[in-house]
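K.L.:
need the 3D shape of this:
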Amino acid sequence: MKLAEVLVYADIGQLHQIVKHYGYECDPHSKNDLVTTLMTGMRHQQTIRTEIEQQSSITLHFLLLVFLDKREAFTLEDLLAKAMIAQMEGEGESKKEAARKMVAHALRSGWIFPAKGRLQGQFIIPEDLRELYLQNWIKHLTVYEQSTQPLAYRDEGMALLDDTLVFLRFLEKEAVPLTADGGMYRRYQTQLLSFLSVKEEPLLPQKWRFGYGLHFDLYPDRFSLLYDFCYYKKWIEEDGKQVSLTGEGTQVLTEGLSEADYQECIRFWFRLYKRPIPNLPAMVQVIALLTAKSWYSQEKLCQILLPWVKTFYYDAPLQILTNRILKMMVHAGLLRVGEDRDGEWLYQSTEACQHWLKNYNGFVDTTILMK
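P.N.:
Numbers count the residues shown, from 1 in each chain. Model prediction:
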């Protein structure tokens with residue numbers, strides 16, 4: 001529903017609260033005057049810019065978590081959960097109370113409204129207001145816009161899927177023995193990784209690596225994702241002594257992989273990494289919005305996004321943003337990456353990224369736990 005429809009069906013008590021919040025003058029006894037005044041004022045560009053500029057980082061974070069979620073309606077529990085994520089720090093009853101106040105503030109600001117009819121008991125966002133706020137937030141950040149073009153760039157496209165077939169063919173020749181830790185021996189890893197389109201080196205023992213997949217402690221980032229996807233799809237299997245191709249994996253080699261498999265692979269990464277990075281659905285969409293029309297430097301992206309990234313055990317926010325999100329978005333074909341003359345990393349979203357995010361809502365997808 002658009003703002004005009006939402007305002008017509010809204011309770012007059014909330015309309016009074018919104019009018020008071022914005023400081024508008026109108027006849028408080030005339031619902032028609034209240035609706036007309038709010039309809040004109042709330043959609044005004046200056047009103048929206050002022051609202052964005054006046055919000056604290058936490059409140060703006062909450063606003064984006066709500067507006068970036070494509071769902072038609074939200075339960076109170078959904079909104080409170082987003083308010084908890086937005087706070088980043090704190091715990092216990094004080095954090096819950098702050099979350100309740102944040103939702104109440106959203107109601108007074110007219111960002112959300114109690115739903116009527118079939119959605120009774122839930123909350124909705126006016127569709128046109130959502131778009132206006134997102135557009136103006138991006139404009140608000142034009143100070144960060146990066147006009148520098150890279151000297152050269154890399155677009156991995158669907159290379160992750162191509163390398164999946166390379167991995168399956170590697171196992172088709174013979175099963176690969178596993179170490180006591182459950183990983184392929186280093187010489188097999190070195191041989192296999194040399195065949196892949198994106199080069200990685202076998203890891204040195206790093207016991208701190210965990211949380212991002214089945215054998216994240218044993219394999220480099222990209223191959224770890226590729227391996228886990230094949231394992232999740234039951235194209236490969238382990239018996240404690242070796243990893244081998246399954247009947248389903250043989251069928252994949254016969255029939256090949258499709259665009260649908262590529263989409264599922266991206267979704268798999270999203271669901272796998274969403275558990276250690278609960279904010280991932282919002283982060284990916286914000287990165288896509290910022291890099292849609294121009295190249296952005298890694299430095300500028302960090303200035304904007306690091307306050308919204310939370311430490312995950314040994315993974316610091318900078319490492320999470322650069323290695324777990326930006327780098328993996330490149331591997332998934334969602335971003336292209338290049339370097340400028342000063343050696344600064346630059347990113348730009350791909351057409352595949354814009355198409356995928358238009359049709360996918362990561363906020364509602366469940367997480368995957370490999371072990």
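K.L.:
please identify the buried residues of the lowest-mean-pLDDT helix or strand in the chain?
P.N.:
Of all the helices and strands that make up the chain, helix 351-359 has the lowest average by mean pLDDT, DSSP states H and E, namely a mean of 87. Neighbour counts over helix 351-359 (16 or more other Cβ atoms under 10 Å) mark Ala352, Cys353, Trp356, Leu357 as buried. Every C-beta, even on glycine, is put in place using the N, C-alpha and C of the backbone.
K.L.:
among the residues you listed, pick out the one closest to Ser294, please.
P.N.:
Cys353 (14.2 Å; Cβ to Cβ).
K.L.:
just to revisit the earlier point, helices or strands up against the least confident helix or strand of the chain?
P.N.:
Of the remaining helices and strands, those touching helix 351-359 by 3 or more Cβ pairs under 8 Å, 6 or more residues apart in numbering; DSSP states H and E are helix 280-290.
K.L.:
domain map for the chain?
P.N.:
Domain segmentation of the chain under automatic domain parsing yields 3-140, 152-156+276-359, 160-259.
K.L.:
right, and the ones you listed - which one's nearest Arg267?
P.N.:
The nearest among the domains of the chain, by Cβ to Cβ, is domain 152-156+276-359 at 8.7 Å.
K.L.:
between the two ends of that closest one, what distance do you get?
P.N.:
30 Å (Cα to Cα, to the nearest Å).
K.L.:
likewise for stretch 33-50?
P.N.:
Stretch 33-50: ends 23 Å apart by Cα to Cα.
K.L.:
name the residues that touch it?
P.N.:
Applying Cβ atoms under 8 Å, 6 or more residues apart in numbering, the external contacts of stretch 33-50 come out as 3-4, 7-8, 12, 15-16, 18-19, 22, 24-28, 110, 128-129, 132-133, 136, 139-140.
K.L.:
one more pass at 6 Å, please.
P.N.:
Ala4, Leu7, Leu15, Ile18, Tyr22, Tyr24, Cys26, Asp27, Gly110, Leu132, Tyr133, Asn136 (Cβ atoms under 6 Å, 6 or more residues apart in numbering).
K.L.:
now do the same contact list for the second one.
P.N.:
When you say that, I think you mean Leu7. Leu7 neighbours (Cβ under 6 Å, 6+ apart): Val35, Leu38.
K.L.:
for the stretch 251-371 of the chain, which segments are assigned as strands?
P.N.:
Residue ranges of the strands in the stretch 251-371 of the chain, as given by DSSP state E, counting those that start in this stretch, are 296-297, 335-339, 345-349.
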